[in-house]
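Visitor: give me a model of this one.
(chains A and B)
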Protein chains: 2
Amino acid sequence: MRTLFHHPLSPFSRKVRVALAEKRLDFALELEKPWERREEFMLLNPAGEVPVLVEEDGSVIADQTAICEYLEDAYPATGLLGREVALRAEVRRLVGWFDVKFRAEVTDLLVGEKLFKRFSGQGTPHTQSIRAGLANIHYHLDYIGWLCERRTWLAGDQFSWADIAAAAQLSSIDYLGDVPWDDHPEARNFYARVKSRPSFRPLLTDHQPGLPPPKHYADLDF
Amino acid sequence: MRTLFHHPLSPFSRKVRVALAEKRLDFALELEKPWERREEFMLLNPAGEVPVLVEEDGSVIADQTAICEYLEDAYPATGLLGREVALRAEVRRLVGWFDVKFRAEVTDLLVGEKLFKRFSGQGTPHTQSIRAGLANIHYHLDYIGWLCERRTWLAGDQFSWADIAAAAQLSSIDYLGDVPWDDHPEARNFYARVKSRPSFRPLLTDHQPGLPPPKHYADLDF
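Guide: Residues are numbered from 1 along each chain as shown, chains lettered A, B, ... in the order given. Reported below is the predicted structural model:
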């Protein structure tokens, strides 16, 4: 069986889980706590990061971007990039926006500070960072709203990696109840559409022991 | 004429410059100081980051990863990814290593603190960050050495994006004279091989006004 080493609250793990489901590829989940730097895991991925995909034939794909591009190369049937060169560039631009910019300006400051810092025993959350994350998220939700006013999905007419990348980050933060949905109805509407896809459902049943999500987290009509 | 908006000491700008030259694509360079947040530039790339590629037909490609993948999609003739799916995944894993991990653990702490912080008027360099960057670089140079003992180039037999990604980060740091080459002969040998490629030469003539590079910077036999 294909196996994905993941952590439930890692946005990049979520990104790959959704994509595997969109492509209708069966997989088993293996919980990995990357901060433990488990020796067998470090052999799979010397960078020590989740997710890591191990195919049935034993081949190992590490690095979240490499996994996503690999899924396009190896399983092109349900393409999530589009065919046209300019569209593919736009999808990837937005993936970069959410993977790099949104992650650094929002997710790392909220999920990183509040959860992963605690899990990994790296001290207490930094109040100023959390405050910055809560301030920065508005600008990003506005950008999602701006895109949705102009396009069906974030990068164009089709559901793509851009939507998966955005929803993966948002869903990790939503687990903490830190997305100000009331102020951003267009972004909420976007996220509701992603949430209602069968590929996204398994993420909504994730429960971190001792840290229940807010009530609206799994609600499709939040 | 195809135009690349870049900054000479931005490693991602360097990465794209080398790739364009490897693919024998003509381009003009346009200096951009991203911290100025120039209005016309923000319209090209709302993320406000270099590099940005503008094609002769006016199409705009932003986000460094998106540009690199675009170059593969649009100009496949001189492929820098390889053809085989597993090899492409390995190339991209290493690109992720240098673009994300090396950048965060080394480049941002050295080039970011010493140069871009000063350029953008964001205060004085953080001594502890610089010290961390100088400590972290050894581990990465060891990894380059380890790979080079097993392979012709970092990802396999062929020169690829992995080599470009690594050399782009190294060259920005080398401009500061902060790469401890003497301690890492295999990494030095790798970098010397990249440096001697015609695609890399233009980078070695870059001069930041008021901040000359160390003498060995442009030396092919350093």
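Visitor: drop to CA atoms for contacts and neighbour counts, all remaining ones
Guide: Fine.
Visitor: assign A:I61 to helix, strand or coil.
Guide: Classification of A:I61 using DSSP: H, G, I helix; E, B strand; the rest coil returns strand.
Visitor: contacting residues around the helix or strand bottoming out on mean pLDDT in chain A?
Guide: One helix or strand of chain A scores below all others by mean pLDDT, DSSP states H and E: helix A:117-119, with a mean of 90. Contact with helix A:117-119 is made by A:35, A:123-125, as judged by C-alpha atoms under 8 Å, 6 or more residues apart in numbering or on different chains.
Visitor: redo those residues as TSV? Include secondary structure, neighbour count and pLDDT.
Guide: Shown next, in TSV, are the contacts of helix A:117-119 (DSSP: H, G, I helix; E, B strand; the rest coil; neighbours: other C-alpha atoms under 10 Å in any protein chain shown; pLDDT from 0 to 100):
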residue	secondary structure	neighbour count	pLDDT
A:W35	helix	14	96
A:G123	coil	10	88
A:T124	coil	11	91
A:P125	coil	18	93
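Visitor: between those, which is nearest chain B?
Guide: When the contacts of helix A:117-119 are ranked by distance to chain B (C-alpha to the nearest C-alpha), A:W35 comes first, at 15.1 Å.
Visitor: my guess is the closest one contacts A:Q122. True?
Guide: No. Contact criterion C-alpha atoms under 8 Å: A:W35 and A:Q122 do not qualify, at 9.8 Å.
Visitor: let's see stretch A:97-108 as PDB, backbone CA atoms only.
Guide: Extracted as PDB, the C-alpha positions of stretch A:97-108 are listed here (Å, rounded to 0.1, in the frame of the first residue of the first chain):
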ATOM      1  CA  TRP A  97       2.000  32.500  -2.700                       C
ATOM      2  CA  PHE A  98       0.400  30.100  -0.200                       C
ATOM      3  CA  ASP A  99       3.300  27.700   0.400                       C
ATOM      4  CA  VAL A 100       5.900  30.400   0.900                       C
ATOM      5  CA  LYS A 101       4.300  33.800   1.600                       C
ATOM      6  CA  PHE A 102       1.100  32.900   3.400                       C
ATOM      7  CA  ARG A 103       3.000  30.200   5.400                       C
ATOM      8  CA  ALA A 104       5.700  32.600   6.500                       C
ATOM      9  CA  GLU A 105       3.400  35.500   7.200                       C
ATOM     10  CA  VAL A 106       0.500  33.600   8.800                       C
ATOM     11  CA  THR A 107       0.700  29.900   9.400                       C
ATOM     12  CA  ASP A 108       4.100  29.800  10.900                       C
END
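Visitor: pull out the buried positions in that stretch.
Guide: Neighbour-count burial for stretch A:97-108 flags A:97-99, A:102-103, A:105-108 (criterion: 16 or more other C-alpha atoms under 10 Å in any protein chain shown).
Visitor: then stretch A:138-154?
Guide: Buried residues in stretch A:138-154 (16+ other C-alpha under 10 Å): A:138, A:140-145, A:147-148, A:153-154.
Visitor: contacts with chain B among those, please.
Guide: Applying C-alpha under 8 Å from any C-alpha of the partner chain to the buried residues of stretch A:138-154, one finds that nothing falls near chain B.
Visitor: of these, which pair is most distant in space?
Guide: Largest separation among the buried residues of stretch A:138-154 by C-alpha to C-alpha: A:H138 and A:W153, giving 19.3 Å.
Visitor: chain B: which of the buried residues of stretch A:138-154 is nearest?
Guide: The closest of those, once distances to chain B are taken by C-alpha to the nearest C-alpha, is A:Y143, at 9.8 Å.
Visitor: intersect the buried residues of stretch A:97-108 with the contacts of chain B.
Guide: Answer for those near chain B (C-alpha under 8 Å from any C-alpha): A:W97.
Visitor: what's the burial count for A:L4?
Guide: Here the number of neighbours of A:L4 (other C-alpha atoms under 10 Å in any protein chain shown) works out to 24.
Visitor: just give me the residue right at the centre of chain A.
Guide: A:A168 (2.4 Å; C-alpha atoms, centre = their mean).
Visitor: heading C-terminal from the helix or strand hosting that one, find the next helix or strand.
Guide: Following DSSP states H and E, one finds A:A168 within helix A:161-175. Downstream of helix A:161-175, the first helix or strand assigned by DSSP H and E is helix A:185-195.
Visitor: alpha carbons of the next helix or strand after that next one, as CSV, please.
Guide: Going down the chain from helix A:185-195, the next helix or strand is helix A:201-204, by DSSP H and E. C-alpha atoms of helix A:201-204 as CSV (Å, rounded to 0.1, in the frame of the first residue of the first chain):
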residue,chain,number,x,y,z
ARG,A,201,-13.7,15.5,4.2
PRO,A,202,-11.1,13.3,5.9
LEU,A,203,-9.2,16.4,7.1
LEU,A,204,-12.3,17.6,8.9
